[in-house]
Every structure is written in structure tokens, then in C-alpha cells.
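**Q** Sequence plus predicted model, see below.
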Amino acid sequence: MDAFKFRCLKPNFESERSNDDNFPTATSLEQGCVEDSVGQMYTAFKNRLELDSDLLDELVLDRKMHVAFLKKGLIHLSQSYECLDASRPWLCYWILHSLDLLDEPLTDGDISEISNFLANCQCPDGGFGGGPGQVAHLAPTYAAVNALCILGTEEAYKVINRDKLYSYLLRMRTLEGAFKMHDGGEVDIRGAYCAASVARLTNIMTPALFDGTPEWIVMCQTYEGGFGGCPGMEAHGGYSFCGLAALILLEHAKLCNIQALQRWTVNKQMSYEGGFQGRSNKLVDGCYSFWQGGAFPLIHMVLAMEVDKALSAERWLFNQEALQEYILICCQAPGGGLLDKPGKTRDFYHTCYCLSGLSVAQHFAGGKIGDTFVVGHQKNLLKPTHPVFNIGVDASVHATLYFSALPVPGTSQ
Ligand SMILES: CC(C)=CCC/C(C)=C/CC/C(C)=C/COP(=O)(O)OP(=O)(O)O
Ligand SMILES: [Zn+2]
């Protein structure tokens, strides 16, 4: 057995624990508790391996259980999901994207039924609401468009009223080029990303729609290097992903300080836990496997355009093995589904973003095509995700091809 195949078995692993015992704060105490529970998961895994070294492949992604959890969610949700009644297109997206990463096909009947449901969430004046009859909102609009592109049939694509979507996006635009999340709603960097993502996928992007948007987005980059939700706010992984992905979609990534963003993002991977935190001095969480981990392919793309000679041709600039260990050992719920950290309950959001982050950590697409790094069983390998849209690469290519044949609203193209 190669005892050091896993990072958590390294002799210096324990020494990577934080040591704030002298001046405990609420935050450092919480951090200590998380390290205890993560350490217990790693120790339990190590002990199982010591009993039977042939169990190296025991580090498995429990595909069968995850698929069962996800498929059940397509049909029935427990009462605890009532609070997500205004996020139903999100539930479709989280479940469909997770199943797609796991390479689990849907029946034609399921595809039609979900397409119909999303059609019922579309608003008469364009965009999608959080459920049938709800007001249009940019976040469920992003989720619905992604979900329909994952479904990938002509029936699904045709649900999207592109002319109305275009006028809805124009209505959400502020004078300076930022986007509000809904009529009378808050303006933040999610709006810019959601608008740019759906506009790019469905081929309704025009210069008028995004005039001033890149300049507004870079105002959200903070002294730490990450992006906040709007100018002056704290840097956070969710917002940083939105900022960089939107700048790439708008072909203006050069406007931001990519070195500062890289330094900040690299330092959000926790040395002991292996997963990512969302912001400085906060706790590890499985969903940041994508919001932070997913930024590395984007950063790589931007640095590669600048002909950075020091750029690795083999690895993303984070510890891909450590992240996979965190997800596989600490984030899998025994009955299927993935979660934030040990002790938390599973949900579809964390299932989607843990799997998305796992996929990023398994696939390196910055050098020769198709380099994979799979920790544990080879069958853990997921399909690759498109780092800008976070839908499968195949689904994004198929959708882009379909919509590029249609005219851009308000132009002769
Ligand atoms: C496309 C789209 C809509 C993207 C959303 C991006 C995203 C996840 C933003 C995070 C927002 C935020 C400030 C969370 C902090 O939560 P917290 O204080 O509970 O968590 P923390 O302690 O980990 O920061
Ligand atoms: Zn989370």
C-alpha cells in the first residue's frame, strides 16, 4: 500500500491544524470544533485503511446513493424544502447538473415534464420566476436557462423566449451597467454574472446590454484580491466567481487584478481541512469547492492569455488531491447527497456544488486535453463541467451551437 497516497495520512497533517489556543475568540473556537470533526473523519478513514490495506479503493464516490437521492428529489421534496418555494428552477438546476456530472441519463418523459415546469415559471414579460406565477428574478432565470440547456432538447431550448428575455435583461440594467436582481430589487455582482451567462448561452448579447458592466464589476474587487457583492463590500468566493466569470463572458478579464485575485483564492484553501472557505477567517464549506475551486480554471485561462511562462501545464493552482479528499471523506452523506461539512445535513445545493468542485479538481484542461487526477476509485471520475456556466462542457457546446444559428434580438445578425 502506498501509505502517502492520501494527504490526510501524511505525518505533518496534524501540524497543519490552526493554533489559536492562547487568545480564543468565538471564530477560533468554532474553527477548532470544525477541525476536530474533520480530523475525526480523516482518522476514521485512516483506521479503516490500516485494518485492510486493500481498502484503498474504499475512498469512493457513492454514485448509486447520490443518484437515488437526486432522482427522488425530482419527484418529491420533504417539508424542509418549503423555504425554497421561490427557488424551484434552482432545485431543477442543482439536481439536473448533479445527475449530468454523474453521467446519469433522464427519460424522455422526465425531460418533457421538467421543460414544461420551467415553461410555467417563465414570466409574460420575460425572465423566469422562482415558481409558476412568481415575479421574474435574475437568479432563477440563470438557473432555468442552465437547466434547460442541460436538458438539451429542442423542446427545452424552445421554452426560452429570447426576445422577452432580452427586454427583461435590459429592464434589469442600471444606468451605470450593473444589474438589479428583480424589479425594485438589490443590485449586486450576481446580477451581472446571471445576465452575462444567460445572454451568452442563448446568443442575445449586445454591446448596449453590457455597456459599462465590466467597469462596474472591477469596482467590486477589494483590497484582499477577491470580489465583494458590490463596491465596498467584503470579498467572498461566491461573488468572486461571479465577477471573474462575468468579466470573461464580457471579454474584459484584463481589467481586474488577476494576480491579487489568484493570491486571495489560493489562500482560501484550508491547509488542514483541504476544502475551501468562502472568506477570510470563516469556516470550510463543501459548496466553495466550486465557487472558489471553480475560479482556478478561469484564472488559468486569463493568465494563459497573458502568456505567463510560469503557468503549470499540468495542474490548477490549488491542491486538487486535498480538495477531493475533503469532498469524498467529509462531505458525503451516508444515505446519498453531499453536504457543507461533517455534522450538517445533505441538500441539493451542496450536492451540486460539491460535485461541481470535485469535477474541477479531477479534470485539468489547461494543458493537453483530458488530463485527469482521480483520488480514490477510478470510477469516481465525473464528467467535466464548463467553468464559466457550470453546466457540462457537452451541454454548453450543444446549446451554444443551437442558439448561435438564431438572430440576436434587435439586430440583423
Ligand atoms: C450565480 C449566483 C446566484 C451565485 C451566488 C454566489 C454565492 C454563493 C454568494 C455567496 C453570498 C454570501 C455572502 C454568502 C455568505 O454566507 P454565510 O455568511 O452563511 O457563509 P460564510 O460564513 O461561508 O461566508
Ligand atoms: Zn455552503
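**A** It's in. Ligands and ions are numbered 1, 2, ... in the order given.
**Q** The residue positioned nearest the centre of the chain and Leu298: what is the separation?
**A** By C-alpha atoms, centre = their mean, the chain has its centre lying nearest to Phe290, at 4.0 Å. Phe290 sits 12 Å away from Leu298, going by C-beta to C-beta, to the nearest Å. C-beta: built from backbone N, CA, C; applies to glycine.
**Q** and Arg346, how many residues sit next to it?
**A** Applying other C-beta atoms under 10 Å, we find 21 residues neighbouring Arg346.
**Q** Got phi/psi on it?
**A** Reported as degrees, to the nearest 10, the phi and psi values for Arg346 are phi -70, psi 160.
**Q** Who are the contact partners of it?
**A** Under the criterion of C-beta atoms under 8 Å, 6 or more residues apart in numbering, the neighbours of Arg346 are Phe69, Ala333, Gly335, Gly336, Gly337, Leu338, Leu339.
**Q** right, and out of these, which lies closest to ligand 2?
**A** Leu339 (8.5 Å; C-beta to the ion).
**Q** my read: His377 touches Asp62, true?
**A** No: using C-beta atoms under 8 Å, His377 is not in contact with Asp62; the gap is 10.4 Å.
**Q** okay, those two: which has more neighbours?
**A** The neighbour comparison of His377 against Asp62 (other C-beta under 10 Å) goes to Asp62, with 18 against 15.
**Q** For ligand 1, see how far away the closest residue to that one other than its chain neighbours is.
**A** Of all residues not flanking Asp62 in the chain, Gln332 sits nearest, at 5.8 Å (C-beta to C-beta, 6 or more residues apart in numbering). In this view, Gln332 and ligand 1 are 20 Å apart by C-beta to the nearest ligand atom, to the nearest Å.
**Q** okay, Gln332: pLDDT?
**A** For Gln332, the pLDDT comes out at 98.
**Q** Show the contacting residues for the residue in the stretch 251-400 of the chain that ligand 2 sits nearest to.
**A** Residue nearest to ligand 2 within the stretch 251-400 of the chain (C-beta to the ion): Cys287, separated by 3.2 Å. Each residue near Cys287 by C-beta under 8 Å, 6+ apart is listed here: Asp340, Tyr349, His350, Tyr353, Cys354, Gly357.
**Q** circling back to that earlier point, quickly find the element holding the residue nearest to the centre of the chain.
**A** Using DSSP states H and E, Phe290 falls within helix 288-291.
**Q** for Lys383, same thing?
**A** Using DSSP H and E, no helix or strand contains Lys383.
**Q** does it really touch His97, like I thought?
**A** No: applying C-beta under 8 Å as the test, Lys383 and His97 come out as separate, 10.0 Å apart.
**Q** number of nearby residues for Tyr81?
**A** As a burial measure, Tyr81 scores 15 neighbours (other C-beta under 10 Å).
**Q** correct me, but it touches Arg88?
**A** No: with contact defined as C-beta under 8 Å, Tyr81 does not count as touching Arg88 (9.3 Å).
**Q** list the contacts for the residue of the chain found nearest ligand 1?
**A** Nearest residue of the chain to ligand 1 (C-beta to the nearest ligand atom) works out as Gly238 at 2.1 Å. Counting by C-beta under 8 Å, 6+ apart, Gly238 makes contact with Arg190, Gly278, Trp291.
**Q** For Lys383 and His97, list the residues in contact with both.
**A** Common neighbours of Lys383 and His97 (criterion: C-beta under 8 Å, 6+ apart): Gly392.
**Q** higher neighbour count, those two?
**A** Counting neighbours by other C-beta under 10 Å for Lys383 and for His97 shows that His97 has the greater number, 29 against 16.
**Q** May I ask which helix or strand encompasses the more buried one?
**A** Following DSSP H and E, one finds His97 within helix 88-101.
**Q** Of the contacts of Cys287, which is the most crowded?
**A** Tallying neighbours with other C-beta under 10 Å puts Cys354 at the head of the contacts of Cys287, with 32 neighbours.
**Q** Surely that residue forms part of a strand?
**A** No: Cys354: not assigned to a strand; according to DSSP: H, G, I helix; E, B strand; the rest coil it is helix.
**Q** I'd say it and Ala333 touch.
**A** No: using C-beta under 8 Å, Cys354 is not in contact with Ala333; the gap is 10.3 Å.
**Q** what sits in contact with each of the two?
**A** With C-beta under 8 Å, 6+ apart, Cys354 and Ala333 have common neighbours Leu339.
**Q** all strands in this structure, in order from the N-terminus.
**A** Ranges of strands within the chain are 363-364, 371-372, based on DSSP state E.
**Q** Tell me which of these approaches Cys220 most closely.
**A** Nearest to Cys220 among those is strand 363-364; the distance by C-beta to C-beta comes to 28.4 Å.
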